[in-house]
Structures are given as structure tokens and as C-alpha cells.
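Novice: build me a structure from this.
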Amino acid sequence: MPEQQTVTYKCPYCDAPLRYIAGGQELGCASCGNKFAPELLEKYSQFTKKDAPFDWGDYKKNFQQNIRQSDASVYVCRSCGAALETDETVASLSCPYCDNEIVLSDRLSGGLQPNGVIPFALDAKAAQKAVREYFKGKKLLPRDFTASHTLSKIKGIYVPFWLFDAGVDGAAAFDCTTVRRYSDSDYDYTETKHYLVRVSGSMRFSGVPVDGSEKADDDLMNALEPFDYSGVKPFDPGYLAGYLSDRFDSDPDESLPRASDRMEGCAAAELRSAVGDGFNSVSFKGSNLRLDSPGVKYVLLPVWLLNVNYGGKSYRFAVNGQTGKTVGELPISKFKKIGYFWSLASAVAAVVGFLMYLFVR
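Specialist: Numbering: from 1, shown residues only. Coordinates of the predicted model:
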């Protein structure tokens with residue numbers, strides 16, 4: 001079996017594993033407490049200088065047909081010698097035997113190196129606190145939820161994302177109406193005029209995100225937006241130490257339609273706003289929008305994942321590792337749901353009854 005490429009991060013003083021410190025710019029040693037800037041560690045800098053970042057054209061030419069491997073790969077931990085089996089998308093992990101932090105460098109090199117990374121700004125405790133804050137104010141939670149739920153072990157993972165840039169140009173058509181009402185001595189009149197309004201234009205989009213992992217829940221990843229892309233750092237494998245990370249397994253050509261739908265939807269909304277408010281109604285009829293000169297960058301974005309366990313069920317949660325935005329599904333009390341429905345229905349009935357009383361007076 002050929003030797004697989006790995007990179008591990010050791011403290012120069014005590015040889016203990018190093019981990020990236022969330023919210024900082026350093027790697028820290030849990031054993032002796034020393035901290036190190038990634039650029040000062042020769043092992044890291046030598047690794048990053050070898051490879052050019054991801055290029056869409058180069059990827060199509062050299063990698064697209066072979067990016068998915070049929071078999072799992074086996075890597076050897078350089079600290080304890082354990083054989084670690086991973087699927088083809090894992091790019092960093094912790095050795096379960098000695099807790100050594102390992103970056104699988106062959107999966108982030110040779111033209112597959114990300115263009116950038118947003119480092120974790122929140123540590124695990126801050127992410128768990130964000131989840132508990134999310135529970136507050138949720139009126140339909142079961143009464144015993146606070147005392148009975150448990151949180152699973154939280155996992156910090158760098159999720160692969162594509163950031164698309166493109167121009168959109170074309171036109172959209174809208175059916176618009178104006179309504180005028182007037183009366184004479186005999187009749188009341190309503191005059192409705194219809195207009196077909198066409199609006200054309202062009203606009204440029206930058207950094208439209210689409211997750212590049214088939215394992216990631218698309219709805220969950222979309223709900224974690226927005227990330228602040230001014231926080232993107234040049235890729236350095238040191239940021240991955242202490243976290244899981246995946247390499248993309250959905251390539252840019254497969255992901256482009258999702259980005260295109262988002263851009264064209266935003267463009268159509270902008271064209272609608274150009275119609276103005278001078279009509280009584282505006283309805284969309286159709287559009288002819290084209291994507292122009294798309295480009296893409298490959299970045300890793302920080303996400304905390306955990307499950308909330310309650311009543312024999314598991315509820316998936318995700319926390320934006322940069323901003324703390326939290327998304328997930330919570331259990332709903334059936335009794336509270338019924339009570340909320342009837343209280344709402346009673347309020348509506350009271351308003352309707354009051355309006356009828358005013359009408360018949």
C-alpha cells in the first residue's frame with residue numbers, strides 16, 4: 001500500500017498536539033500552554049508553498065473525472081502508528097487513539113487546495129451557549145424540555161463551499177394594472193387598464209455561496225448564512241488543526257445551477273423594483289436572463305454541529321462558527337400547540353364580533 005500524505009502539528013516544546021484557537025490567529029498547546037502563529041511553524045509554511053490554490057479551469061482539465069474515489073483510504077498516524085480509514089472527502093481529523101491532529105494533505109494539494117478559509121471565531125462552549133440561547137422564548141416547547149434535554153458531543157467542521165461570481169443580464173416582463181373608480185348620477189364605474197411592462201438590465205454578483213458537500217444538509221447550510229466574507233483568510237492548514245474538515249464532493253459545474261437560480265431570482269427582484277409603485281398591481285410574467293462569465297472560488301467555512309436529544313428523538317442543530325447564528329428544529333408540545341390555536345381563534349372571533357357589532361349599529 002503506498003504511503004498516504006499527512007501533516008500533523010506538534011508543539012516544538014513538548015511535542016503535544018497543537019489545535020487552532022477559535023477567534024485567534026494562533027495554534028495552542030493544551031499540554032504546556034504555549035501558542036504559535038501558523039506562519040512561524042516551518043512545517044506549515046513548507047506545506048502551503050508547494051501548491052497553487054484551486055482554479056476552475058485547471059480542475060476541469062486535470063481532476064474532474066477522478067475526484068470521487070470508489071474506495072475508502074487508509075492513513076497512518078505518525079504519532080502512534082494507528083491505521084485510520086476515512087472516506088474520500090475527509091480532509092482533517094483527530095486520531096481516536098492518541099488524539100493527534102492530522103491534516104490529510106494529499107486531499108488539499110495538487111490543485112485542490114482551497115482559495116481561502118474563514119477561521120472559527122467561536123469555540124465549542126460559545127457554540128453550545130448559542131444553542132441554549134436559541135431555546136429561550138420558544139413558547140411551544142414542552143414544559144420539561146429545559147430539564148430533560150441533552151446535547152450530544154459538539155463537532156467543529158470546516159464545510160467546503162463554492163463562492164460564485166457572475167454577471168446577469170437580460171429582461172423581465174410584468175403585467176401591470178391601474179384602477180380608477182368614478183361615478184355619475186346613474187352608475188358607479190371601475191376602469192382597469194392593463195400594461196405590459198418590460199424592464200432590461202445587467203448586474204454583477206460576487207461571492208454567491210453554495211455548499212460543495214453532498215453530506216451537508218443544503219437547507220441547514222443555507223439557513224446559516226450570511227457569513228462575513230471579509231473574514232476570508234488565505235488558506236493555511238494550521239487553521240484545520242483540532243477540527244474536522246471535508247473536501248468538496250460536489251464540483252462547481254454541479255453546484256452552478258443552484259447559484260444561478262439565486263442570482264437570477266435576485267436579478268428578477270431588482271428588475272421588479274425598477275417598475276416602481278405607480279401601478280395598483282404588478283404580476284411577473286416571465287424573464288430572459290443569462291449568466292455571464294461565471295467564476296468560482298473554493299473556501300472552507302466554519303460550522304458547529306450537534307444533536308439535541310429529547311423524548312427519544314434527536315434534533316439536528318448547526319451554529320455558524322463565525323457569527324454564532326443558530327438554526328435547527330425543536331420539539332413542539334401538542335397541548336401548547338392546541339392551546340395556542342384556540343387562543344388565537346378566540347382573539348380572531350372577538351375582533352370579528354366587534355366589527356359586526358359596529359356594522360349593525
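Novice: can you tell me the SS state at the most centrally placed residue in the chain?
Specialist: Centroid-nearest residue in the chain, with Cα atoms, centre = their mean: residue 221, separated by 3.3 Å. Three-state call for residue 221 (DSSP: H, G, I helix; E, B strand; the rest coil): helix.
Novice: so, low pLDDT: which residues of this protein?
Specialist: Scanning the chain for pLDDT under 70 picks out the ranges 1-10, 12-16, 32, 38-51, 64-75, 79-85, 96-99, 105, 110, 332-361.
Novice: hey, where'd the helices end up in it?
Specialist: Along the chain, counting by DSSP state H, helices occupy 42-49, 56-62, 124-135, 145-148, 218-223, 252-275, 334-360.
Novice: the residue nearest to residue 62 when sequence neighbours are not counted: neighbour count?
Specialist: Nearest residue to residue 62 in three dimensions, chain neighbours excluded: residue 111, at 6.2 Å (Cβ to Cβ, 6 or more residues apart in numbering). Heads up, the C-betas are built off the backbone N, CA and C, glycines and all. Other residues lying near residue 111 total 14 when counted by other Cβ atoms under 10 Å.
Novice: residue 111 touches residue 57, doesn't it?
Specialist: No: proximity of residue 111 to residue 57 does not meet the contact threshold set by Cβ atoms under 8 Å, at 10.4 Å.
Novice: quick one: the closest residue in space to residue 63 that isn't next to it in sequence from residue 283, how far?
Specialist: Using Cβ to Cβ, 6+ apart and skipping residues adjacent in sequence, the residue nearest residue 63 is residue 111, 6.2 Å away. Distance from residue 111 to residue 283, counting by Cβ to Cβ, to the nearest Å: 48 Å.
Novice: burial check on residue 227, number of neighbours?
Specialist: Around residue 227 there are 22 other residues, counting by other Cβ under 10 Å.
Novice: for burial, what's the neighbour tally of residue 55?
Specialist: Neighbour tally, residue 55, other Cβ under 10 Å: 16.
Novice: residue 25 too?
Specialist: Other residues close to residue 25 by other Cβ under 10 Å number 15.
Novice: which residue packs closest to it, ignoring adjacent ones?
Specialist: Leaving out its chain neighbours, the residue that sits closest to residue 25 by Cβ to Cβ, 6+ apart is residue 37, at 6.4 Å.
Novice: same question, residue 120
Specialist: residue 22 (3.9 Å).
Novice: test my guess that residue 264 contacts residue 292.
Specialist: No: at 11.6 Å, residue 264 does not count as touching residue 292 under the criterion of Cβ under 8 Å.
Novice: more crowded one of the two?
Specialist: residue 264 (19 against 12).
Novice: send me stretch 275-286 as CSV with only the CA atoms.
Specialist: C-alpha atoms of stretch 275-286 as CSV (Å, rounded to 0.1, in the frame of the first residue of the first chain):
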residue,chain,number,x,y,z
VAL,A,275,-41.1,49.0,-12.3
GLY,A,276,-41.9,51.3,-9.4
ASP,A,277,-45.1,51.8,-7.3
GLY,A,278,-47.2,53.6,-9.8
PHE,A,279,-49.5,50.7,-10.5
ASN,A,280,-52.3,49.1,-8.5
SER,A,281,-51.0,45.6,-9.2
VAL,A,282,-47.8,44.1,-10.7
SER,A,283,-47.5,40.4,-11.6
PHE,A,284,-44.5,38.7,-13.0
LYS,A,285,-45.0,37.2,-16.5
GLY,A,286,-41.5,35.8,-17.4
